[in-house]
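A.B. asks: Sequence and predicted model, in that order:
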Protein chains: 2
Amino acid sequence: MTLVVQKFGGTSVGDADRIRAVADHVARTRRNGDDVVVVVSAMGKTTDDLLRLANDVSSVQPPRELDMLLTSGERVSMSLLVMALADLGIDAVSFTGSQAGIITDTTHTRATIIEVRAERLREALKAGRVPVVAGFQGVSTDRDVTTLGRGGSDTTAVAMAAALGADACEIYTDVSGVYSADPRIVPGARRLMRVSFEEMLDIAASGGRVLSLRSVEFARNHHVPLHVRSSFTWEPGTWVVEEDVSMEQPVVTAITHDTSEAKVTVTGVPDRPGIAAPIFRALADRKVNVDTIVQNTSLHGTTDISFTVPKVDLATSVQTVGSLAPELGAGEVLTDDTIAKVSLVGAGMRSHPGVSATMFETLADAGINIEMISTSSIRISCVVRADRVEEAVRILHAAFELSD
Amino acid sequence: MTLVVQKFGGTSVGDADRIRAVADHVARTRRNGDDVVVVVSAMGKTTDDLLRLANDVSSVQPPRELDMLLTSGERVSMSLLVMALADLGIDAVSFTGSQAGIITDTTHTRATIIEVRAERLREALKAGRVPVVAGFQGVSTDRDVTTLGRGGSDTTAVAMAAALGADACEIYTDVSGVYSADPRIVPGARRLMRVSFEEMLDIAASGGRVLSLRSVEFARNHHVPLHVRSSFTWEPGTWVVEEDVSMEQPVVTAITHDTSEAKVTVTGVPDRPGIAAPIFRALADRKVNVDTIVQNTSLHGTTDISFTVPKVDLATSVQTVGSLAPELGAGEVLTDDTIAKVSLVGAGMRSHPGVSATMFETLADAGINIEMISTSSIRISCVVRADRVEEAVRILHAAFELSD
């Protein structure tokens, strides 16, 4: 007997027709003899609608109450899905995050799962029922309703799959898998049959929007095979699995890009040991996710430190760093929100040191200036002008012969 | 220190503006030095919208899932109200039925409250906070989410007031109190300053829609003074309190009417002891709320039994009784859905036996035929043709001089 967790995102349950289509698919899986646990997000734009309503009502939104508000969304989609399954003769039962035993810490709006107490789900499965679980939500150790932040429903699905020892976790979405580049930019982009957790982490971290970084980390740590696929075509998608060292790996698996970040530069920072620490500690305290960091060569005893942050955190970052600059004896804080990042990801890079050279030459030949560089063992990222990034993706996709 | 429970119905929290108006009122009460517990319904037509969605998705709606679906409504209104209060500097905190300790039996869609474990509310009050509680919902002894059925939010408010020993329970609604008759039918109808629990029970049972029968019963049993008032004008409304025997009571307090029922007649029922029991047992088993019952004088060893039921239960009633008729040796089952009921309610009736005569004469003078009569110690109800009922209300209101 196989146990599979199937997670359906907001567009997959966007209206009554979509919910019935999902019910059909779950029923088909169940009738094939598999045990199924379903995890659902809120319907379509529900979350945005609720946030708009909150803004209409008040400029003050206590995080605990925001969580209470937003978690109403999954209650609606999950109970409707159970009804649609009942219509097909499938015995299903819905569980809130709390009922499903998703215990989190007390950090409202972006809580961390501490433990999954899945007894009620196990009982339901034993009774031959299909548990339908609210994604994105849990209950804190203080007995308050919490949410898991962006991509939280994926995390719920992976945590459930880990807790129940599921054979696979299927993430249904509105795209049909992970591609060698964004198909809207590179028409010849290829759907990847299989990527490793490590590659998927770097793809997610460098702009691939299909899976959240956090859910991939959770899946890797708990050895949960992921299958990213479409709830519109239902065709097989991309498997995200443990790296298979016995297979020959392609040098480059995918080209990703990210236009959601901005660059901050602090000029004239005195070049002494530990000077960068207070800056990035202060940003961490304000929950700003700093990405690429570059420190220029020291000139006359001072240096420039540049880093990228999500555009939504730019104002906070400037304020935070600006208030620190005088006490550090630093100069100006400059910003630039017209940058973008293009990255190569591939497990094969580890054994192919020439990859970065090819990347830099390809960009140079097209006259695209590289402003910052950062690397991991299986990724190279370059910050370029935002208006050149799509061209950069296309020429790199061609240079590494990633099309079919 | 006074503790007040304030309950706001769906129209009172119908949109962002209404929610801010409610927050203003709660803040004012709090700043006057009173402790406040707020109970809210879902916003406006939320429940109807969710039911429509359920019908779009499936023809099968397991009651447990209907409860899960509908309880999303109060989560939205209560968290928005806490945000609006935060905007006014009032420290409030929302509680679901489960978090507020409303423990019910396992009868989904119309659960009964077994116990209120209000520890979290007491802690919040002690900390100077305003608890905002989801009306209409609880958690069952099986740890499933339940709803309390029609008028359930009023019941939540009264149960909370009883559990916390509140000094009063204010029920805010879109009318400004209890009237001597429906003001849409009798323009001179008077707002009642004060009615007894017993009168309010008979008013609610005979068509007065302001309070649910169940919440009034709960309030009477637990000695919770109710104050029914408007969330649009905020003026004082009607108090529902223990009967004050020291005061002289008006003979008739209010004229009520009800057009929601239909009449069922079983003809040719053998007139032997106990013959009516199986009929009404069978209806009770189907959860049909039978109101007025009349059994005619026996003629040639058989009798006719007539009773009224809610129109929504008419089909069930006919089916139930029809399948019993042959084994009882009864004749036909006839129905009539063009009836209505007009009632006089007043605690003073107990000591004024002439009231029914005046009622019958008044209707007779207007040529309005009485088809069924039923009485309690403080109420007389007559079933008449539906198209004459508004006239009946007007002439009775005038005959008993109930206008200002």
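C.D. replies: Arrived safely. Predicted model only: the values in this text are computed from it and were never measured.
A.B. asks: and the next element down the chain from the lowest-mean-pLDDT helix or strand in chain A?
C.D. replies: Every helix and strand of chain A was ranked by mean pLDDT, DSSP states H and E. The lowest is strand A:293-295, at a mean of 81. Later in the chain than strand A:293-295, the nearest helix or strand by DSSP states H and E is strand A:302-310.
A.B. asks: Three-state assignment for whichever residue of the stretch 301-404 of chain A sits closest to chain B, please.
C.D. replies: Using C-beta to the nearest C-beta, residue A:312 is the residue of the stretch 301-404 of chain A that sits closest to chain B, at 21.0 Å. The way it works is simple: take the backbone N, C-alpha and C, and place the C-beta from them, glycine included. Following DSSP: H, G, I helix; E, B strand; the rest coil, the label given to residue A:312 is helix.
A.B. asks: what separates stretch A:198-217 from the chain centre, distance-wise?
C.D. replies: Its chain's C-alpha centre and that of stretch A:198-217 lie 5 Å apart, by C-alpha atoms, centre = their mean, to the nearest Å.
A.B. asks: and the closest residue to chain B within the stretch 201-350 of chain A, what is it in contact with?
C.D. replies: Minimum separation of the stretch 201-350 of chain A from chain B (C-beta to the nearest C-beta) falls at residue A:231, amounting to 15.9 Å. Contacts for residue A:231 (C-beta atoms under 8 Å, 6 or more residues apart in numbering or on different chains) come out as A:8-9, A:11-12, A:18, A:21-22, A:25, A:172-174.
A.B. asks: ranges for the strands of the stretch 201-350 of chain A?
C.D. replies: A:226-230, A:238-241, A:254-258, A:261-270, A:293-295, A:302-310, A:333-336, A:339-345 (DSSP state E, counting those that start in this stretch).
A.B. asks: Residue A:308 is in contact with residue A:260, correct?
C.D. replies: No. Here residue A:260 does not reach residue A:308: they are 9.6 Å apart, not a contact under C-beta atoms under 8 Å.
A.B. asks: Compare these two and say which is more crowded by neighbours.
C.D. replies: More crowded of residue A:260 and residue A:308, by other C-beta atoms under 10 Å in any protein chain shown: residue A:308, with 28 against 14.
A.B. asks: so where's the stretch 1-150 of chain A shaky on pLDDT?
C.D. replies: Applying pLDDT under 70 to the stretch 1-150 of chain A flags no residue at all.
A.B. asks: Repeat the analysis, applying 80 as the threshold.
C.D. replies: A:1 (pLDDT under 80).
A.B. asks: Contact partners for residue A:171?
C.D. replies: Residue A:171 is in contact with A:7, A:9, A:154, A:157, A:210-211, A:215, A:226-229, counting by C-beta under 8 Å, 6+ apart.
A.B. asks: Quick check: which element contains residue A:195?
C.D. replies: strand A:194-196.
A.B. asks: Tell me the buried residues in that strand?
C.D. replies: By 16 or more other C-beta atoms under 10 Å in any protein chain shown, the buried positions in strand A:194-196 come out as A:195-196.
A.B. asks: re earlier: among the contacts of residue A:231, which are located in helices?
C.D. replies: A:18, A:21-22, A:25 (DSSP state H).
A.B. asks: biggest separation within those residues, which pair?
C.D. replies: A:18 and A:25 (10.7 Å; C-beta to C-beta).
A.B. asks: hang on, the earlier thing: lowest-confidence stretch among the strands of the stretch 201-350 of chain A?
C.D. replies: Mean pLDDT across the strands of the stretch 201-350 of chain A is lowest at strand A:293-295; the value there is a mean of 81.
A.B. asks: Which other helices and strands does that one contact?
C.D. replies: helix A:276-285, strand A:302-310, strand A:372-376 (3 or more C-beta pairs under 8 Å, 6 or more residues apart in numbering or on different chains; DSSP states H and E).
A.B. asks: and the nearest residue to residue A:309 once chain neighbours are set aside, what does it touch?
C.D. replies: Nearest residue to residue A:309 in three dimensions, chain neighbours excluded: residue A:317, at 4.9 Å (C-beta to C-beta, 6 or more residues apart in numbering or on different chains). Applying C-beta under 8 Å, 6+ apart to residue A:317 gives the contacts A:264, A:283, A:286, A:288, A:309.
A.B. asks: Ranking the helices and strands packed on strand A:293-295 by mean neighbour count, which comes first?
C.D. replies: Mean neighbours per residue, mean count of other C-beta atoms under 10 Å in any protein chain shown, is largest over the helices and strands packed on strand A:293-295 for strand A:302-310, with a mean of 21.
A.B. asks: Does anything pack onto that one? Which helices or strands?
C.D. replies: So strand A:302-310, by 3+ C-beta pairs under 8 Å, 6+ apart, packs with strand A:261-270, helix A:276-285, strand A:293-295.
A.B. asks: report the angle between the axes of the second one and strand A:302-310?
C.D. replies: Going back to what we said before, that points to helix A:276-285. Relative orientation of helix A:276-285 and strand A:302-310, computed by axes from the mean of the first three to the mean of the last three C-alpha atoms, to 10 degrees: 20 degrees.
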